[in-house]
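S.K.: Build me a structure from this.
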Amino acid sequence: MNFAITVADATRPTVADFHARNRGGGLFSESVSQWVGAAIAVAAHRLGLRPTTLTLSNLVLGLATSATVVLLAGPVADGTVPAWVVGLLALFGWQIAYALDCADGQLARVTGQGSSAGARVDVLCDVAAQIALVTALGATTLAQRPSTPIWLVAVFAGTWMVNLVTSVMQAGPNAASMVASTSLPVRLVKLVRDYGAVIFLAGLVLAIAPALTIWVIVAFTIINGGFLLASIAFSARASLH
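M.R.: So this is what the prediction gives:
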């Protein structure tokens, strides 16, 4: 019996096996989120869970975390609830939800459980979770600075989805990158579009200085809006050749 258990353990995919099948995401995501996702994938595989279970878990945790931030935005602004409590909740909640998002794809690829339906659920859950995240950041900004122009929050919400849309577009056979270099300086610059790094920054701001959330919104509106315009120009030039 002991020998059988040893053989079974030896044939199980390891954390390294799952991580080797990750789809990237950026320097932070590959160095942190994808490794945490690989550990989750190992546990899920041993428990016999399907990838979609992890996908839905990501959705539930992401929505719950963002909803909590929204509900406590007012109490944090008036000092009733300590900002660090909500900030740490957001930081860990969003990071774990994202790790689950990394884990579902790894589990599907390593175990051969991938399907077109599962891929659709994954993208739809990502959209829902990110809408909730944007809502949380918008609610915090308005609670901290009621004079914030509503158009700024609207443009922020619209341009935020640029990252997700372009990531989905680059997953197929026609994928292309404006900056193909994988050098460390380029990867450091690309951290501004690394989802794991972005939600880490958002959580830190909520914990340490929630009044600065408006500048997070301004910065990422400019970054994502600029990337959208650059992507349109890049794709248009390529289509004309």
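
S.K.: for this structure, what are the low-confidence residue spans?
M.R.: 1-10, 167-184 (pLDDT under 70).

S.K.: Check the gap between the spatially most central residue of it and residue 142 for me.
M.R.: Note on the chain: the residue nearest the mean C-alpha position is residue 195, at 4.3 Å, using C-alpha atoms, centre = their mean. Separation of residue 195 from residue 142 (C-beta to C-beta, to the nearest Å): 23 Å. Just so you know, the C-beta spots here come from the backbone N, C-alpha and C atoms, and that holds for glycine as well.

S.K.: Residue 216 now?
M.R.: As defined by C-beta to C-beta, residue 216 lies at a distance of 13 Å from residue 142.

S.K.: list residues touching both of those two?
M.R.: By C-beta atoms under 8 Å, 6 or more residues apart in numbering, residue 216 and residue 142 have no common neighbours.

S.K.: How are the helices of the protein distributed by residue range?
M.R.: In the chain, the helices defined using DSSP state H lie at 2-11, 15-19, 27-28, 34-47, 51-77, 83-111, 116-144, 150-169, 184-189, 195-208, 213-239.

S.K.: Flag every buried residue along the second one.
M.R.: For helix 15-19, burial by neighbour count (16 or more other C-beta atoms under 10 Å) applies to 15, 18-19.

S.K.: any chance of those residues in CSV, plus distance to residue 185?
M.R.: Shown next, in CSV, are those (distance: C-beta to C-beta, whole Å):
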residue, distance to residue 185
15, 29
18, 29
19, 24
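
S.K.: list the contacts for residue 54?
M.R.: Contacts of residue 54 (C-beta under 8 Å, 6+ apart): 40-41, 44, 100-101, 103-104, 107.

S.K.: Excluding covalently adjacent residues, which one is nearest to it?
M.R.: residue 104 (3.9 Å; C-beta to C-beta, 6 or more residues apart in numbering).

S.K.: same deal with residue 228?
M.R.: Using C-beta to C-beta, 6+ apart, the nearest residue to residue 228 is residue 162, at 4.6 Å.

S.K.: Identify the residues contacting the one you found.
M.R.: Residue 162 touches 224-225, 227-228, 231, counting by C-beta under 8 Å, 6+ apart.

S.K.: same thing but 10 Å
M.R.: 193, 220, 223-229, 231 (C-beta atoms under 10 Å, 6 or more residues apart in numbering).

S.K.: Which single one of those residues is nearest to residue 205?
M.R.: residue 220 (11.4 Å; C-beta to C-beta).

S.K.: How much space separates that closest one from residue 156?
M.R.: Distance of residue 220 to residue 156, given as C-beta to C-beta: 7 Å.

S.K.: now swap in residue 94 and tell me
M.R.: 17 Å.

S.K.: which of these two has more neighbours?
M.R.: residue 94 (27 against 23; other C-beta atoms under 10 Å).

S.K.: so that one makes contact with residue 199?
M.R.: Yes. Between residue 94 and residue 199 a contact is recorded at 4.3 Å, counting by C-beta atoms under 10 Å.

S.K.: ok so, going back, neighbour-wise, which one of the contacts of residue 54 leads?
M.R.: residue 41 (33 neighbours).
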